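K.L.:
structure for this input, please:
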Amino acid sequence: MKFLLLLCVMVVCCVASGRASTGTTDSLLTELNTALAHKQQYDAQRWTRIAALTTAFRASKGSDAAKFDLGLRIYDEYKAFKYDSAFVYSQKIMQVAEHLRDPGKIEVAKLRLAFILLSSGMFKETFETLATIKPGRLSNADKVDFYFLQARAYSDLGDFNQDAVYRPAYYVKALAYTDTALQYSRPGSYEQLSMRQFLALKNNRLAEGTRLYEQIRRLPQLSLHQLAVSASTAAHMAFVGKQEDKAFELLLVSAIADVKTATKETVAIFQLSDYCYRRGNLENAYTFIREARAQATFYKARQRQIEISHISSLIEGQKINIIENQRKSLKTYSTVVTLLALFVVGFLFIIFKQLRRLQKADKLISLTNRELRTRNHELHQLNNGLNEANKIKEEYIAYYFHNNSQYIDKLESLKKTLDTQLGNKQYTAVQKLTDGINIKKERNDLFKGFDTVFLRLFPNFISQFNALFRPEDQVQLAEDQLLTTELRIFALIRLGISDSEQISRMLGYSINTIYTYKTRVKNRSLVPNEEFEARIQAIQAV
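P.N.:
Prediction:
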């Protein structure tokens, strides 16, 4: 009898616990949908902060530490909000740091650039930028960011590649960099706890990760964005531990915080859509995947757009199938009701309601079809961009191999001649041979080859470049001239080489000369300086 009583109590407790969990999830779902309904207000708050900071930045004269700090604050507002703008301000703070000739600030600017490159899914550029950073010039706080960014880069690369051969090595590097970052972190700080949570996830120490999340939640100055990141990590650990309901609840917490902070670089709402889809909750799945797609497009997170496209097609396809089935069922039912209406007048009301539902279904199908066409257009544009990049690579690879083979032939011929002359002790002939090497001509031939290939890829580049200037300021070319130095600098920028130091090495000028050329051209243009390079990037290849 006592055993039966105890068993009943246990069953009642389990049922009550399940209902409480469901109630929490339902309330969080309601809160998330409410936040999404007001997301424009949250976005407007961020835009207001950005506008105030931008005005102060533009009003600041010259380049000083205060302007650098203002640029950092603007960058911080953009870094999880809009990639393009964050990239622009990472370049601006770099320019200020270089004008200040402050090595520490230059490294900080590089670190900020690397962060958004990784957020946008540009792994190659991220690692190239990180490789140029000298951590010895960073403060301890920035060293934490530097080493943990290295860890995140290798971890994300492993997740993205999904390759059984290379992924373990990436994860080992991620763990090693995290250990280094921990050495510079302050005990008990959010940064230290979040990195320990990251290590717990990577080492499958799920119970420890859960405890760390609870510690993070209790931090007195915890921001909503920090809560979102930590909750998302805890949700991943809950999924691994087969606690899907707990994971769903944590993802809701993370997504709500992301919406309220106008964070666009996020995965929580995308993972929520997948969770809802697998459980047949298509209404929320469709709402969340649409929001995830909008966030990824707004931020320009390349790898996230690719991930979203797969689940988006499944959800939208399933939604269309359900609507089509509902439509067929409604037609059949309407026919039956119409026949019965000959005998029962009261059924007319039911028929009217069913027809109204059918109209709503048609509108929903039309809306879905329009959105599908929009997605197809976006994919078409993305494919065009990839085709253009491939064509540029093919042209310049062919050009590279052709030129290198010619230089190798020249070197081989020169070596044979030198061997012969040195063997015969014809030192005067050797001197005459070396004097005959014209470095300037070789460099001009290199430029001419580059110009020829570039204009074959971008035949309208000069005319579209000149369209950005008044007629009296447009570039005028000699009859046999392909590109001027100014045009060649911006041709390299169009090909994606935006680092002034790299351009200076390629063209054989000092970096100050490159800055002078760029500034002089931008000052003559009809568009604002900060938009000029973006307009150059928009010039299309053939």
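K.L.:
I'd say residue 523 and residue 529 touch.
P.N.:
Yes: between residue 523 and residue 529 there is a contact at 7.2 Å, judged by Cβ atoms under 8 Å. C-beta coordinates here come from the backbone N, C-alpha and C atoms, glycine included.
K.L.:
how about low-confidence regions in the chain?
P.N.:
Counting by pLDDT under 70, the chain has low-confidence residues at 1-23, 62, 301-335, 337, 341, 372, 376, 378-409, 436.
K.L.:
if you set the cut-off to 50 instead, what comes out?
P.N.:
1-20, 322, 326, 401 (pLDDT under 50).
K.L.:
name the nearest residue to the residue most central in space within it, ignoring sequence neighbours.
P.N.:
In the chain, the centroid-proximal residue (Cα atoms, centre = their mean) is residue 120; its distance is 1.3 Å. Once flanking residues are discounted, residue 120 sits nearest to residue 83: 4.7 Å by Cβ to Cβ, 6 or more residues apart in numbering.
K.L.:
tally of neighbours for the one you found?
P.N.:
23 (other Cβ atoms under 10 Å).
K.L.:
on that earlier part again, for the residue nearest to the centre of the chain, what are phi and psi?
P.N.:
phi -90, psi 0 (degrees, to the nearest 10).
K.L.:
what of residue 280?
P.N.:
Torsion angles, degrees, to the nearest 10, at residue 280: phi 80, psi 10.
K.L.:
run a quick neighbour tally on it.
P.N.:
9.
K.L.:
what of residue 375?
P.N.:
17.
K.L.:
and residue 69, by the same measure?
P.N.:
For residue 69, using other Cβ under 10 Å, the count is 15.
K.L.:
residue 33 too?
P.N.:
Neighbour tally, residue 33, other Cβ under 10 Å: 14.
K.L.:
ditto for the one 4 residues further on
P.N.:
Neighbour count of residue 37, defined by other Cβ under 10 Å: 10.
K.L.:
what's near enough to touch it?
P.N.:
With contact set as Cβ atoms under 8 Å, 6 or more residues apart in numbering, residue 37 has no partners.
K.L.:
if I look at residue 111, how far off is residue 146?
P.N.:
6 Å (Cβ to Cβ, to the nearest Å).
K.L.:
excluding its backbone neighbours, what's nearest residue 129?
P.N.:
Nearest one to residue 129, counting by Cβ to Cβ, 6+ apart, is residue 114 at 4.2 Å.
K.L.:
wait, that neighbour touches residue 123, no?
P.N.:
No: in this structure residue 114 lies outside contact range of residue 123 using Cβ under 8 Å: 10.9 Å.
K.L.:
show me which of those two is the more surrounded one.
P.N.:
Between residue 114 and residue 123, counting by other Cβ under 10 Å, residue 114 is the more crowded of the two (26 against 18).
K.L.:
contact partners for that one?
P.N.:
So residue 114 contacts 126, 129, 130, 133, 149, 153 (Cβ under 8 Å, 6+ apart).
K.L.:
with adjacent residues omitted, what lies nearest to the third one?
P.N.:
Which is residue 130. Distance criterion Cβ to Cβ, 6+ apart; nearest residue to residue 130, sequence neighbours excluded, is residue 114 at 5.0 Å.
K.L.:
what's in contact with stretch 416-427?
P.N.:
By Cβ under 8 Å, 6+ apart, stretch 416-427 touches 429, 430, 433.
K.L.:
tell me which element the first one falls in.
P.N.:
Assessed by DSSP states H and E, residue 429 sits inside helix 427-435.
K.L.:
can you give me the buried ones in that helix?
P.N.:
For helix 427-435, a neighbour-count test (16 or more other Cβ atoms under 10 Å) marks residue 430 as buried.
K.L.:
that helix: what's the following helix or strand?
P.N.:
helix 439-457.
K.L.:
just the buried residues of that following helix, please?
P.N.:
447, 449, 450, 451, 453, 454, 455, 457.
K.L.:
does residue 266 belong to a helix, a strand or coil?
P.N.:
Put simply, residue 266 is coil when judged by DSSP: H, G, I helix; E, B strand; the rest coil.
K.L.:
ok, it touching residue 298?
P.N.:
No: using Cβ under 8 Å as the test, residue 266 is too far from residue 298 to be in contact (11.2 Å).
K.L.:
who's more crowded, those two?
P.N.:
residue 266 (25 against 15).
K.L.:
OK, contacts around the residue lying closest to the more buried one once chain neighbours are set aside?
P.N.:
Ranked by Cβ to Cβ, 6+ apart and with sequence neighbours excluded, the top spatial neighbour of residue 266 is residue 258, at 4.5 Å. Under the criterion of Cβ under 8 Å, 6+ apart, the neighbours of residue 258 are 225, 228, 266, 268, 269.
K.L.:
if I look at the fourth one, how far off is residue 25?
P.N.:
By that I understand residue 268. 15 Å.
K.L.:
what about those two, which has more around it?
P.N.:
residue 268 (25 against 15).
K.L.:
so which residues of the stretch 51-200 of the chain form helices?
P.N.:
65-78, 83-100, 103-119, 123-131, 140-161, 167-184, 190-202 (DSSP state H, counting those that start in this stretch).
K.L.:
nearest to residue 355, out of those helices?
P.N.:
helix 83-100 (47.2 Å; Cβ to Cβ).
K.L.:
gap between that closest one and the chain center?
P.N.:
The chain centre lies 17 Å from the centre of helix 83-100; the measure is Cα atoms, centre = their mean, to the nearest Å.
K.L.:
list the contacts of that helix.
P.N.:
57, 63-65, 67-68, 71-72, 74-75, 78-79, 105-106, 108-110, 112-113, 116, 119-120, 265, 299-301, 498, 530, 534.
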